[in-house]
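**Q** Structure for this input, please:
(2 chains)
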Amino acid sequence: MKKFLIRILMAAALLFVLNWIYTKWFFKKDVAEHSDILELVWQVEADSCRIVYLGESSNNTHGPEEPGQKKISEYLAEYFPNVKTGDMTKEASHAQTYYYLLKNIHRKSTVETVVVTMNLRSFDARWIYSNLETPLRKQLVLMEDYPPFMNRFLLALKAYPIRSEEELDSLTRQHWREDPLVFPYEFEWDNVYKWDSATAWRGLHNYEGEYDPKWTELACHYIKSYGFQIRDDNPRLKDFDDIVALSRKRGWHLVFNLMAENVDKANEYVGKDLMYLMKQNHDYLLNRYGNLEGVTVVDNLNLVRDVDFIDQDWTTEHYYEDGRRIIAGHVAEALKAYYPNEYRNVVWKCDAGHYYFGDEVSKLDAATPYGPALTLPGDSLRADWERVNVAFMMQQADTLHDTKLAVESLVANDNVLVFYLDVKPQIQKIGEWDFATFDLPVDSVMREAQQVKIFVFNPSDDAVQLKNMDVSFRPAYLKPGVKGQSMK
Amino acid sequence: MVFNSIEFLIFLPIVVLLFYVLPQKLRWVMLLAASCTFYMWFVPKYILILLVTIIIDFSAGVLMEKYADRAKLKKTFLVISIVSTLMVLMIFKYLNFLTANLSLLCAQLGIERRWVTDIILPIGLSFHTFQSMSYVIEVYRGHQKAERHFGYYSLYVMFFPQLVTGPIERPGNLLRQLHEKKEFQYENISKGMRLIIYGFFIKMVVADHLGAYVDKVYADPSSFNSWSVMLAMAFYSFQIYCDFFGYSTIALGAAKLMGFDISDNFRTPYLAKSIAEFWHRWHISLSTWFRDYVYIPLGGSRVKFGRWAFNILVVFVLSGIWHGANWTFLFWGFAHGLLHILEKALRNRFPEKEMKSKWLSVSLDALRIAKTFVLVTLFWVMFRATDFANMKDMFVAAVTNFGGGESLGVKPEIWLYLGLFILSDLLLFNTRFDAWCDNKPIVLRWFIYGLLIFMTVACSSVNSFPFIYFQF
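**A** Prediction:
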């Protein structure tokens, strides 16, 4: 027995040494290969971030040709220029992923505030049993609380749920069949499976009474996405509870960012019954977390309109720039309580046709070519506005850049008409701020456009800096406005 | 439950601990419960199928012994037992194959009749069936006393270390040991652990890394150049060896922890100088099963050449079809049998002469080993291919794609893992890892343990490759 005990001690010492060797020389390579989300944590720590935004694809998805392609977290950062803000973004992630990311933040890190995306659809069976879950869970194994050597062994042993497509599908369907739908009024179906099947079977008919397959398909899709009721045993709740407990332990300000859903489409395709469920789930989350000490829930659910959703025929939380800005602004409002002196409003301010952006500096180059864009619906241009004056401050390091002012009009059939004006002739100084101003007519194209967008962009490698952008619409009788002049 | 899972690594120490803590009279209960748990971890309901064969074969054993003096009746019990056991195997393993081929035949003949069955093969059924059959045959032959204790008999056919993919045990070895009282011995723990560590290394590091390469090439052979295809063929030889040898070694180790010695299944098969020798070194428990229960009853080698050749073909075709219900397996078995016969015919025609020069003798042996390896490797293509078309694609790509197709690179570390395995296999020629370690200095031994543990943990594949023999 003595020999046996000695060997156990030797084995323990051996494992200790092996763990040290692995951690020193092999762990980083494995993280890069199998768990790159851990690198997000390391990046946040390396950047000494004070605010961390955790999100899924809603954070970094943008329209294909949008001028502003920043993440929600980047727009958020603009409100707090002196507070280092970082993000941890991983597609298809959810509360459990965020919990693992957060618990891996070093105790001595500079993080003070965490903004955690709360996605309503992530509570649904289809997301819980998504086929993206296995690769996501695989990524989390190296982030377990054990020594890295042990975590690597767990990864080798596939110590994470591996489910086949058939299994996942069957589990989802089982939930759709077995989770009851309870309404305070009489409702024809008592679970989503029946509701979906009946909708598909009966089909939806347009105003002319014809069967509309596209509408039917979308309605079924919306029913399956939002037709659920969050109950106390929903696994996501435990993960959010864990995040609350962890944040309290670490002394972080915690903000749950309840993402906007396309309620316009949900209402249009399905109607009040689905809206009821969405609202009920929304209320449940607000009641559960909104009253907790140290937790703020930012309620964006109804904030973004249909036009600002990128995926029009699918339920996602992918927003165009305006949608992302709206959410960032809403979160910033909540964070203002924690950083009252650091907060700066960077949104376009409107004052009787005078839009101004403020003195937030934007760097424009090939990587981030677009400056702040003013977007207006064409029908918001007043009939007496005949001219538009665009003014801004710019600093150039040399004259090799190719900066232009663009006025983009979205016209019928999604066609875009753009005209450019070269900015360089107006900027004389090098290495100093200089002033540029342009006076343009408000023509019929702009008036008839669905949307007008005015922005500065620089696609070249030679960077320029831009601030104090002002856009003033005015009647013909007024002289062109210049910066600092009141347009009232 | 699979060996390379966290569940098994928790399960095994608990079972071993309970085994030594419990009194002898309760050990079989615990081991049987553990074995049932192990098996039911896959699909619980399949245990009922095993239960059916257990009841039939246990009863047959008792009845054969009871009516030992009535030869006809005894034989009837044997036949009932074997037929019913084989029937279970036939239904679960071969019915899909039979109906599919029958439907195909009908279609060829213009008969509009189609049968579709979709029966899932319970894991390990082929191994379980053969182990069960070896018991009833041994009792019939009078080599083994019938087991009167249903629990011990059940444990014999359900013993978890070798339940799913063997080795196929004989009652004379395992059943006897199950009755013996096993004392805690450091040596058993030490040897068991060595085998488990080595088994994990060859499965998780060598086999699984090679598997990724092999799967990629077999999925679409024509898109790779000849070198990559040939490399995939060679890699598969090592993948299947390391996979099965790894499992068997872990099984040996797990049993050894409790003091049980189960049979070796491999003895450096790729150092065989002929196909006949290969089968003495590869999947030994299956080869000896066929030898004892099919080949010898058919007359073995003490018959004329023609009859012997027939016996060999029967054994190999049965061995092929045992592996899987697919024409490719049958073809694989037939090819092995044919080559075996050819080798013997050539040996009869050109008897081997003793070489005077040692170097010449060694060189000739090396050539024979290489020849056997190449042939076995080519035959593995039939075994691995999903169907004849896939097999043909592999062979065609191997000989025609020299100029075109993608060259699939091999990561340098995979060569390192394979090299280490080949070195270890050469060192373990005609011995076993636990025995080989015995006479090594403690520092070297612990260095090897450290290296194997480190590689198993840090270098193992993270992709999921189930044990190949699970499908049989």
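**Q** What strand or helix carries A:A260?
**A** Using DSSP states H and E, A:A260 falls within no helix or strand.
**Q** these two touch, right, it and A:D299?
**A** No - using C-beta atoms under 8 Å, A:A260 is not in contact with A:D299; the gap is 9.4 Å. Heads up, the C-betas are built off the backbone N, CA and C, glycines and all.
**Q** So between these two, which is more surrounded?
**A** Neighbours were counted for A:A260 and for A:D299 using other C-beta atoms under 10 Å in any protein chain shown; A:A260 has more, 24 against 19.
**Q** Ignoring the adjacent residues along the chain, who's closest to the more buried one?
**A** A:V304 (3.8 Å; C-beta to C-beta, 6 or more residues apart in numbering or on different chains).
**Q** how about the residues of the stretch 51-200 of chain B near chain A?
**A** Applying C-beta under 8 Å from any C-beta of the partner chain, we find that the stretch 51-200 of chain B lies next to chain A at B:186, B:189-190.
**Q** Which of the residues you listed sits closest to B:I80?
**A** B:I189 (43.1 Å; C-beta to C-beta).
**Q** neighbours around B:I312, how many?
**A** B:I312 has 21 nearby residues by other C-beta under 10 Å.
**Q** low-confidence ranges in chain B?
**A** For chain B, no stretch is flagged by pLDDT under 70.
**Q** State the distance from B:K358 to B:K72.
**A** 59 Å (C-beta to C-beta, to the nearest Å).
**Q** and the residue nearest to A:A260, how far is that from A:R324?
**A** 9 Å.
**Q** Please apply the same query to A:D308.
**A** Computed as C-beta to C-beta, the A:D308 to A:R324 distance reads 8 Å.
**Q** neighbour count winner among those two?
**A** Using other C-beta under 10 Å as the criterion, A:D308 and A:R324 rank with A:R324 on top: 29 against 21.
**Q** how about that one, what does it touch?
**A** With contact taken as C-beta atoms under 8 Å, 6 or more residues apart in numbering or on different chains, A:R324 is in contact with A:62, A:68, A:70-72, A:75.
**Q** Next: A:V52.
**A** Contacts for A:V52 (C-beta under 8 Å, 6+ apart) come out as A:44, A:85-88, A:105, A:111, A:113-115.
**Q** what do you get for A:V83?
**A** Contact analysis of A:V83 by C-beta under 8 Å, 6+ apart lists A:50-51, A:77, A:339, A:342.
**Q** redo that, cut-off 10 Å
**A** Listed by C-beta atoms under 10 Å, 6 or more residues apart in numbering or on different chains, the contact set of A:V83 reads A:49-51, A:76-77, A:112-113, A:335, A:338-339, A:341-343.
**Q** Emit the PyMOL select command for whichever of these are buried.
**A** Only the buried entries of the contacts of A:V83 go into this PyMOL selection, using 16 or more other C-beta atoms under 10 Å in any protein chain shown:
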select buried, chain A and resi 49+50+51+76+77+112+113+335+338+339+343
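**Q** Show me the contacts of A:V83 that map onto helices.
**A** Among the contacts of A:V83, the residues falling in helices (DSSP state H) are A:76-77, A:335.
**Q** Out of the residues you listed, which comes closest to A:D264?
**A** For these, the nearest to A:D264 is A:L76 (24.4 Å; C-beta to C-beta).
**Q** ok, that closest one - contacts?
**A** Contacts for A:L76 were tallied using C-beta under 10 Å, 6+ apart; they are A:51, A:53, A:59, A:70, A:83, A:85, A:87, A:115, A:257, A:324-325, A:327-332, A:335.
**Q** and if we set it to 8 Å?
**A** Contacts for A:L76 (C-beta under 8 Å, 6+ apart) come out as A:51, A:53, A:85, A:115, A:328, A:331-332, A:335.
**Q** now B:L63
**A** Taking C-beta under 8 Å, 6+ apart as the criterion, B:L63 is in contact with B:F77.
**Q** Which helix or strand contains it?
**A** Per DSSP H and E: helix B:47-66 holds B:L63.
**Q** List the buried residues of that helix.
**A** B:47, B:49-50, B:53-54, B:56-65.
**Q** Let me see the ranges of the helices in the stretch 251-400 of chain B.
**A** With DSSP state H, counting those that start in this stretch as the criterion, the stretch 251-400 of chain B has helices at B:275-281, B:284-290, B:305-323, B:327-349, B:358-384, B:388-400.
**Q** of the ones you listed, which approaches B:L163 most closely?
**A** Nearest to B:L163, of the helices of the stretch 251-400 of chain B and by C-beta to C-beta, is helix B:284-290 at 13.2 Å.
**Q** what does chain A have sitting close to chain B?
**A** Contact residues (C-beta under 8 Å from any C-beta) of chain A with chain B: A:1, A:3-4, A:7, A:10, A:14-15, A:17-18, A:21-22, A:26, A:30, A:34, A:138, A:149, A:152-159, A:162.
**Q** Would you map the helices across the stretch 301-450 of chain A?
**A** Per DSSP H, counting those that start in this stretch, the stretch 301-450 of chain A carries helices over the ranges A:321-335, A:444-448.
**Q** is it possible to export these to a markdown table including mean pLDDT and distance to B:A458?
**A** Listed next are the helices of the stretch 301-450 of chain A as a markdown table, based on pLDDT from 0 to 100; distance: least, C-beta to C-beta, whole Å:
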| stretch | mean pLDDT | distance to B:A458 |
| --- | --- | --- |
| helix A:321-335 | 87 | 41 |
| helix A:444-448 | 82 | 63 |
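**Q** Tell me which residue is most central in the chain.
**A** Using chain A here. Most central in chain A under C-alpha atoms, centre = their mean is A:N59, positioned 2.4 Å from the mean C-alpha point.
**Q** my bad, the chain I had in mind was chain B
**A** Compute the mean C-alpha point of chain B, and by C-alpha atoms, centre = their mean the closest residue is B:H283, 4.9 Å away.
**Q** Tell me how far the residue in the stretch 51-200 of chain A positioned nearest to chain B lies from B:L9.
**A** Per C-beta to the nearest C-beta, A:A156 is where the stretch 51-200 of chain A lies closest to chain B, at 3.8 Å. A:A156 sits 11 Å away from B:L9, taking C-beta to C-beta as the criterion.
**Q** Equivalent analysis for B:V457, please.
**A** For B:V457 relative to B:L9 (C-beta to C-beta), the value is 12 Å.
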